[in-house]
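S.K.: here is my input; please provide its structure:
(chains A and B)
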Number of protein chains: 2
Amino acid sequence: MKILTSKPIDDGFYMPAEFEKHYGCLIIWPERADSWQYGAVAARKAFKEVITAIAQSEKVTVLASEAQYDNAREMLPECVRIVEMSSNDSWARDYAPTFVKNLSGEIRGIDWGFNAWGGLYDGLYFPWDKDNKMARKICDLFETDCYNSRDFIFEGGSVSVDGEGTAIVTEECLLSTGRNPNMSKDEIELRLKQYLNVKKIIWLKNGIYNDETNGHTDNICAFVKPGEVVLAWTDDKYDPQYEISCACCELLKNETDAKERHLKIHKLIQPSPIYMLDEECQGLISFDGKPTRVEGERLAASYVNFYISNDAVIMPGFGDKNDDKAKKLLEQIFTDRKVIQIYAKDILIGGGNIHCITQQIPYFNQRFC
Amino acid sequence: MKILTSKPIDDGFYMPAEFEKHYGCLIIWPERADSWQYGAVAARKAFKEVITAIAQSEKVTVLASEAQYDNAREMLPECVRIVEMSSNDSWARDYAPTFVKNLSGEIRGIDWGFNAWGGLYDGLYFPWDKDNKMARKICDLFETDCYNSRDFIFEGGSVSVDGEGTAIVTEECLLSTGRNPNMSKDEIELRLKQYLNVKKIIWLKNGIYNDETNGHTDNICAFVKPGEVVLAWTDDKYDPQYEISCACCELLKNETDAKERHLKIHKLIQPSPIYMLDEECQGLISFDGKPTRVEGERLAASYVNFYISNDAVIMPGFGDKNDDKAKKLLEQIFTDRKVIQIYAKDILIGGGNIHCITQQIPYFNQRFC
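M.R.: Modelled structure (predicted):
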């Protein structure tokens, strides 16, 4: 593995869209007792369902701690590879490498800086050193070279790309105080253009209501094909989500993508508000002496947080009246993929959802190293 | 990865000779402070030299602890892959899988039981749980299926095969009290025939003098091509090694291999006796309150403990008057490979040598999984 100090744009590498063909997927096995209630037992069952669904059509590598390796091996299908790797938590979307590809079909990883979604300002745990080392270790594991962008704090969940030159991000996240306070919006935009190799960046104002990642894009808006996005939506004017979704919709309507297309916007209904229950809170150990969740806290649930595998869309369900409606819309959009809905409150409690725990590896031609 | 309960012999898999073509090599990065003097600094330099030499002609994967990953990455060439994996020490020969191959060019691993060369009877450290889990994890990493032979205690260093049906072992090791005390010699022979898929097993009585592994084969005798072995040798009748080598020589002269060939025996001179120095002993922490080495202890040095890579033979040197003579013999034997001699007392102090710290992966045709 080479650590590269050049920029993907200068080397002809770009980030493909998630709906393009994958080699496989990375997932980090959950364990952390202040993220996953009751010893992560229910979380691991939900992760297993997600892994099993993805493994139907692409290779899944699960990264597990030394302590969890045997358990993961016991629980997961034989076709899933498990590799020991240390982490602070299980958010492959945010700190596994963002993979970029060139026209010859080679891939490389980007190693962004990671500070647990806000560092000492408003980060969600401390320390985050093991997470921050994962991108490089994963590139090493897959024998792909690795772009060094560690001086720029960025998570994979904060962007959606169409693979044709357009990226969607949120100001709430990318301009947050806890990430790159010394960079201007223009400087951040330039960095993304150089590393994702996109021409156009669409800046939404905010992500989902009460999203502790400072409003990651992947919980509110995602490209489903070039020129088309899904947008988290509610018709309930009394829900604080309503104004956020309306603002995003207005902004997207008035934008064009890198190819100057107007975007088709699919409004994807939100589940009814989902709250932490007392029993769930009791299943979490405290962090630094403080509770990580409190009873009645509204969780940042969203059907937008799905993963597009080679032959399926793996989406969350919440046991909610809107589960079916959301699934039907995705079935209408992804006509050539099976839509698989997995009950995911046990992932949501950890702070994200199915998209957050996955990281696709684009299909590539190079033989290892 | 599938855990297989069948036997390689029934599936058409056999252990190829080390001098056949490799895909690559496994090495475990040294760290343990009661094995490697002065924080393993000199050992890591020696390992680096070995790794760099092997990486000239085959892919090397280095398994490093979480704590050592960054250091290994910093020290080793870019073309070497480093993967995080926990271990108790660094003897890939003994507890990485023994790889077997079929005629279609597929490979599988064998997961032998490992108990630190004698378990609670005369093993060299405790616990050995991380080592014992490595074979399976390595098979998982390489996406090869894995034969479960964990109920049989066996180390890769205790056998040399010719790839044509013959194995050489020692009674001192395989019949030792600390390994499989409830199995008869016939039962052990049967197990090896079933798993290595060999027809003939040649039983030497003893390994090298004072070899704490209970006389591993790979320190005294090794196949260099079908029908030819090197045997550790001394002409010094006052050296306790003399009688051991003579006995092995007599036995080998009177044996034939699986193809009924008489063996050509190359006598490979031993270095002059090598002892632990006081300064070296002071660089080792104690184990369980007892010193792991004492001043004046004779180490089991041997030039036989070399590794055959695709285009080289990587052999130890000891700064001894016999270094050149030993190298010249190997050059005469391996006419199509470069013989690279690496100063290896810093590996020897840990308890083995270049062969002990390596494990070849035969060349294979199957695409991962």
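S.K.: the stretch 201-350 of chain A: strands as residue ranges?
M.R.: Here the stretch 201-350 of chain A has its strands, by DSSP state E, counting those that start in this stretch, at A:221-225, A:228-233, A:264-269, A:307-308, A:312-317, A:338-343.
S.K.: relative to B:Val80, how far out is A:Glu106?
M.R.: Shown here: A:Glu106 relative to B:Val80, a distance of 20 Å by CB to CB, to the nearest Å. Just so you know, the C-beta spots here come from the backbone N, C-alpha and C atoms, and that holds for glycine as well.
S.K.: the more surrounded of the two?
M.R.: Comparing A:Glu106 with B:Val80 by other CB atoms under 10 Å in any protein chain shown, the one with more neighbours is B:Val80, at 23 against 17.
S.K.: contact residues of chain A facing chain B?
M.R.: Contact residues (CB under 8 Å from any CB of the partner chain) of chain A with chain B: A:1-2, A:59, A:66, A:69-70, A:73, A:78-79, A:81-86, A:130, A:133, A:136-137, A:140-141, A:143, A:368-369.
S.K.: are any of those buried, and which?
M.R.: Buried subset of those (neighbour count, 16 or more other CB atoms under 10 Å in any protein chain shown): A:1, A:59, A:66, A:69, A:73, A:81-86, A:130, A:133, A:136-137, A:140-141.
S.K.: single out the most deeply packed of the strands of the stretch 201-350 of chain A.
M.R.: The highest mean neighbour count among these, using mean count of other CB atoms under 10 Å in any protein chain shown, belongs to strand A:307-308: a mean of 26.
S.K.: just to revisit the earlier point, mark which of the residues of chain A next to chain B are part of helices, please.
M.R.: Taking DSSP state H as the definition of helices, the residues of chain A next to chain B contribute A:Tyr69, A:Asp70, A:Arg73, A:Lys130, A:Lys133, A:Arg136, A:Lys137, A:Asp140, A:Leu141.
S.K.: distance to A:Ala258 for those residues - can I get that in TSV?
M.R.: Output for those, formatted as TSV (distance: CB to CB, whole Å):
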residue	distance to A:Ala258
A:Tyr69	43
A:Asp70	47
A:Arg73	44
A:Lys130	36
A:Lys133	33
A:Arg136	30
A:Lys137	33
A:Asp140	32
A:Leu141	32
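S.K.: show me the two of these that sit farthest apart.
M.R.: A:Asp70 and A:Arg136 (25.8 Å; CB to CB).
S.K.: who does the helix or strand that contains A:Gln359 pair up with?
M.R.: Per DSSP states H and E: A:Gln359 is located in strand A:358-362. Sheet pairing of strand A:358-362 (DSSP bridges) gives strand A:22-28 (antiparallel).
S.K.: looking at strand pairing, list the partners for the residue nearest to A:Pro273 when sequence neighbours are not counted.
M.R.: Among residues not flanking A:Pro273 along the chain, A:Arg298 sits closest, at 5.5 Å (CB to CB, 6 or more residues apart in numbering or on different chains). On the basis of DSSP bridges, A:Arg298 is bridged to A:Tyr275.
S.K.: hmm, A:Ile208 and A:Arg298 touching each other?
M.R.: No - in this structure, A:Arg298 is not within contact of A:Ile208 by CB atoms under 8 Å, at 10.0 Å.
S.K.: quickly list what's touching both of the two.
M.R.: With contacts defined as CB atoms under 8 Å, 6 or more residues apart in numbering or on different chains, no residue is shared by A:Arg298 and A:Ile208.
S.K.: more neighbours: which of those two?
M.R.: It is A:Ile208, of A:Arg298 and A:Ile208, that has more neighbours when counted by other CB under 10 Å, with 27 against 14.
S.K.: who touches A:Tyr38 in this structure?
M.R.: A:Gly283.
S.K.: and it, how far is that from chain B?
M.R.: 26 Å (CB to the nearest CB, to the nearest Å).
S.K.: next one: that residue from A:Glu164, what distance?
M.R.: Counting by CB to CB - A:Tyr38 and A:Glu164 are separated by 44 Å.
S.K.: one step back: wait, which of the ones in helices among the residues of chain A next to chain B is closest to A:Leu120?
M.R.: Using CB to CB, those come closest to A:Leu120 at A:Lys130, 17.1 Å.
S.K.: next, the closest residue in space to A:Tyr125 that isn't next to it in sequence: phi, psi?
M.R.: Using CB to CB, 6+ apart and skipping residues adjacent in sequence, the residue nearest A:Tyr125 is A:Ala116, 5.2 Å away. Here is the backbone geometry of A:Ala116 (degrees, to the nearest 10): phi 60, psi 40.
S.K.: also the one 4 residues further on?
M.R.: Taking degrees, to the nearest 10, you get phi -80, psi -10 for the backbone angles of A:Leu120.
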